[in-house]
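Enquirer: Turn this into a structure:
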Amino acid sequence: MEIVKVQRHNIDELLENMRRVSMLTHPDDLPYVEADITIPTLHTDEIAPAQRYVLTCEIMKVRDLRWALKEHGVDLFKLDGYATIWLKDYDDPIDVLPPVIEESHEADDSTVKILNDGMHRVYLARMERSPIQVVYAKNVPAKYPYYAFPLVNGWDDVEIVQDLPEGYIKKWHRIKNYKSLYRDFNTGFQNVGGPRGHFTNAAK
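Expert: Numbering: from 1, shown residues only. Sure, this is the predicted structure:
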């Protein structure tokens, strides 16, 4: 991966854009507009994954991204805002932001920091035994819970796989129409999760 240009954005810009993120199927609904959003650095043990796997190819891409950003003086695990990058042979800019974590209240009275976006980045940090700076949103309206439950045994339930067999259960969804709970991060940022072939969003 070759990054030809990087533009840094500070934490104020990150927070402003997070508040513009809408729900995918209801563009007028803004789940973070009045949420308490902070930018803490967490140990990965504090983060509750909902996804049962990471893909080998995606981990390799994220590691390449980390190395490429480092050549521009940017730490993927401590962005202090977010970065817009331009890749060689790809015209559209891509925003790279910290993983997004949400406070989630579960039926057993537990409260967890559930991982919404950035599974492979957090897993890479875990493999490298590094803490990672995240976007942490508390007090997201209860009508917009994250669309899947946290894994019962946390990271112990996550496996590294080459690909996903047909019928594989990626996550345990909260409701039948779980896609109605998707956030659309591209309403606050540019090409998050894209382009395909560079950063495939295989999580859903």
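Enquirer: going forward, measure contacts and count neighbours with C-alpha atoms only.
Expert: Noted.
Enquirer: Could you measure from residue 113 over to residue 190?
Expert: From residue 113 over to residue 190 the distance is 25 Å, taken as Cα to Cα, to the nearest Å.
Enquirer: Of the two, which one has the most company?
Expert: Neighbours per residue (other Cα atoms under 10 Å) separate residue 113 from residue 190, with residue 113 holding more: 19 against 15.
Enquirer: Contact partners for the more buried one?
Expert: 46-48, 101-104 (Cα atoms under 8 Å, 6 or more residues apart in numbering).
Enquirer: ok, now with 10 Å
Expert: Residues in contact with residue 113, defined by Cα atoms under 10 Å, 6 or more residues apart in numbering, are 46-49, 100-105, 136-138, 150.
Enquirer: What of residue 33?
Expert: 15-22, 140-141.
Enquirer: Identify those among these that sit within strands.
Expert: When the contacts of residue 33 are checked against strands (DSSP state E), the matches are residue 22.
Enquirer: Adding pLDDT and neighbour count, write the contacts of residue 33 out as TSV.
Expert: Output for those, formatted as TSV (pLDDT from 0 to 100; neighbours: other Cα atoms under 10 Å):
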residue	pLDDT	neighbour count
15	98	19
16	97	13
17	97	17
18	97	23
19	97	17
20	96	20
21	97	22
22	96	22
140	97	20
141	96	13
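Enquirer: Closest one of the contacts of residue 33 to residue 94?
Expert: Lowest distance from residue 94 to those (Cα to Cα) belongs to residue 17, with 14.4 Å.
Enquirer: Let me know the pLDDT of the residue nearest to that closest one when sequence neighbours are not counted.
Expert: Nearest residue to residue 17 in three dimensions, chain neighbours excluded: residue 188, at 4.7 Å (Cα to Cα, 6 or more residues apart in numbering). The model reports residue 188 with a pLDDT of 96.
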